[in-house]
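Novice: Sequence plus the predicted model coming up.
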Amino acid sequence: MDIQKFQESMYSLIVETSTNLPKDVRRAVKSAKQRENAGTRSALSLTTITNNITMADDNVSPICQDTGLPTFKIKTPVGVNQLEIKKAIRNAIILATKGGKLRPNAVDSLSGENSGDNLGEGLPVIKFDQWEKDYIDVRLILKGGGCENKNIQYSLPMELEGLGKAGRDLDGIRKCILHSVYQAQGQGCSAGFIGVGIGGDRSSGYDLAKAQLFRSNEDVNPNEDLRQLEDYIMKTANELGIGTMGFGGETTLLGCKIGVMHRIPASFFVSVAYNCWAFRRLGVKVNPETGEINEWLYQEGEKIDFALEAEKAAKDEVAAAAESDVEASREITLQAPITEEQIRELKVGDVVHINGRMYTGRDAIHKHLSENPAPIDLDGQIIYHCGPVMLKDEEGKWHVKAAGPTTSIREEPYQGDIMKRFGIRAVIGKGGMGPKTLEALSEHGGVYLNAIGGAAQYYADCIKSVEGVNFTEFGIPEAMWHLNVEGFTAVVTMDSHGNSLHKDVQQSSLEKLAQFKEPVFK
Ligand SMILES: O=C(O)C[C@H](O)C(=O)O
Ligand code: SF4
């Protein structure tokens, strides 16, 4: 095989997967948008999402800054050298990382050191199979960490919150899957896609669940029971009212694919792999002699161009919003340093536009600040839970290539204390935070702002300059970047008066979940 050509093919596959959302996923996002009422938070969030998809197309830049854990599934004809393929993929990964198409995401689990090139022990994941066909089939999924953290595995029989007993039968499986969507709330950047694996053991069950994510979102399950279950879950999960980013709304789930395998008598696992709306998976058929791509997979049907859609919809949306009974949100502009008085003015539902300075800080920084002084004065400042994709130019200046929010709940143990200790007035992230932070927001005068998860191009565009950085030793995503922004828009979802949209949506979705307690499948 021409291995240089094969490496180029793998590079194209990586770049396309990271920057260009597949057709079936675009169609699912479009239909979600059509279901939401104009003017609601969910509809506005979906507009940001579809604008972001277009920007990623235009900039050939990552749709989401978290380019995930690259997982390749490869089928080769007998006789193809798999070692050569592995090497070519690793080289392509290095190049894609250098070019800002992938974020350096490989972290030493013990030392915390980022390898900087996406290679590491066990990374990227490359799984091989042989087959009788005469071409190489390579599929790639870039699944981010926020949605990966919302995967869940059930061991039947068990008792489920809201749904009661789940037994070792189709109806017990039904309950597990519904519960999996409920427990994800908005934290995996809903609306999501789920792959479900029934049976196996703990590891093969999850493998089966993830394999479902390689099915086209529009295929029909050949197993009649599972076909019915998939349809039921799609309909019912969308009645939970979790909505885009967990803001409430009509669409919570964009796809559900279920697979089954045998199990051993004592075990009955239902494993669910949750994927965010930024569902980046593609595939190619490669000629084993030339190394060239013969065909791209997942290319059936219409490709939605959201730029055209936006033009068509703009007028209708304005008219519909004017007519709709949805109350327009208050819009407020903030610039740090922010006073306690300004913060106490803010209420859940307000839309905030930020100009001026913000500082990124995620997992490593929160732990560090909980034990050490801050490297800069954070009094009145804004912390952005974000691990961006950054590139340095020849003059040594940093540029932001992608910069959406990360899941905030991981900082729950630290956030309140850090805000109080350093005088931080606002944190921006996604998915919301818990009771400890909510209490600290009241006590101290702070606010939680929810940005749209995955909208990494949209937010990168709001960042006008990078003014400094601390803690580069934590790696690019974990460093504290000093950003100057203009028109950075987010929604107040937790305020200083004890209100939390996340708490409310969790409560109301649990009540809705409980309505599906009665058996459906015999
Ligand atoms: O690591 C990130 O940037 C985001 C992550 O995918 C998340 O959803 O929290
Ligand atoms: S930030 Fe959201 S969209 Fe991006 S990888 Fe994480 S879960 Fe997916």
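Specialist: Sure, I can see it. Quick caveat, the model's predicted, so the values are computed rather than measured. Ligands and ions are numbered 1, 2, ... in the order given.
Novice: and Arg357, how many residues sit next to it?
Specialist: Arg357 has 15 neighbouring residues, counting by other C-beta atoms under 10 Å. (C-beta placed from N, C-alpha, C; glycine too.)
Novice: For it, which non-adjacent residue is spatially closest?
Specialist: Ala336 (5.2 Å; C-beta to C-beta, 6 or more residues apart in numbering).
Novice: got the contact list for the one you found?
Specialist: Contact analysis of Ala336 by C-beta atoms under 8 Å, 6 or more residues apart in numbering lists 354, 356-358, 380-382, 425-426.
Novice: one more time with 10 Å, if that's ok
Specialist: 354-359, 378-382, 424-426, 485 (C-beta atoms under 10 Å, 6 or more residues apart in numbering).
Novice: pLDDT score for the one residue in the stretch 201-350 of the chain that gets nearest to ligand 1?
Specialist: Residue of the stretch 201-350 of the chain nearest ligand 1, by C-beta to the nearest ligand atom: Cys276 (6.8 Å). pLDDT for Cys276: 98.
Novice: these two touch, right, it and Gly146?
Specialist: Yes - contact criterion C-beta atoms under 10 Å: Cys276 and Gly146 qualify, at 6.7 Å.
Novice: So for those two, which residues contact both of them?
Specialist: With C-beta under 10 Å, 6+ apart as the test, Cys276 and Gly146 both reach 64, 66, 68, 184, 187-189, 453-454.
Novice: Quick one: buried ones out of those residues?
Specialist: 64, 66, 68, 184, 187-189, 453-454 (16 or more other C-beta atoms under 10 Å).
Novice: I'd like the residues you listed as TSV, with pLDDT and distance to ligand 2 appended.
Specialist: As requested, these are exported to TSV (pLDDT from 0 to 100; distance: C-beta to the nearest ligand atom, whole Å):
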residue	pLDDT	distance to ligand 2
Cys64	98	3
Asp66	98	4
Gly68	98	6
Ala184	98	10
Gln187	97	8
Gly188	97	5
Cys189	98	3
Gly453	97	4
Gly454	97	3
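Novice: out of those, who's near ligand 1?
Specialist: 66, 453 (C-beta under 6 Å from any ligand atom).
Novice: Please report how far the residue of the chain most remote from its centre lies from Met1.
Specialist: Most distant residue from the mean C-alpha position of the chain: Gly79, 38.1 Å away (C-alpha atoms, centre = their mean). Between Gly79 and Met1 the distance is 10 Å, computed by C-beta to C-beta, to the nearest Å.
Novice: okay, and the common contacts of the two?
Specialist: Joint contacts of Gly79 and Met1 (C-beta under 10 Å, 6+ apart) are Pro288.
Novice: Keep only those of the shared contacts of Cys276 and Gly146 that are in helices.
Specialist: Residues of the shared contacts of Cys276 and Gly146 located in helices (DSSP state H): Ala184.
Novice: on that earlier part again, nearest to Ile233, of the buried ones among the shared contacts of Cys276 and Gly146?
Specialist: Ala184 (13.2 Å; C-beta to C-beta).
Novice: Can you name the residues that contact that closest one?
Specialist: 146-147, 149-152, 190, 192, 194, 242, 246, 252-253, 272, 274, 276, 431 are the contacts of Ala184 under C-beta under 10 Å, 6+ apart.
Novice: show me which of those neighbour ligand 2.
Specialist: Near ligand 2, by the rule C-beta under 6 Å from any ligand atom, you find 146-147, 276 out of those.
Novice: hang on, Pro288 packs against Pro77?
Specialist: Yes - Pro288 sits in contact with Pro77 when judged by C-beta under 10 Å, with a separation of 5.8 Å.
Novice: Those two - which one has more neighbours?
Specialist: Shown here are Pro288 and Pro77; by other C-beta under 10 Å, Pro288 has more neighbours (18 against 14).
Novice: Cool, thanks, signing off.
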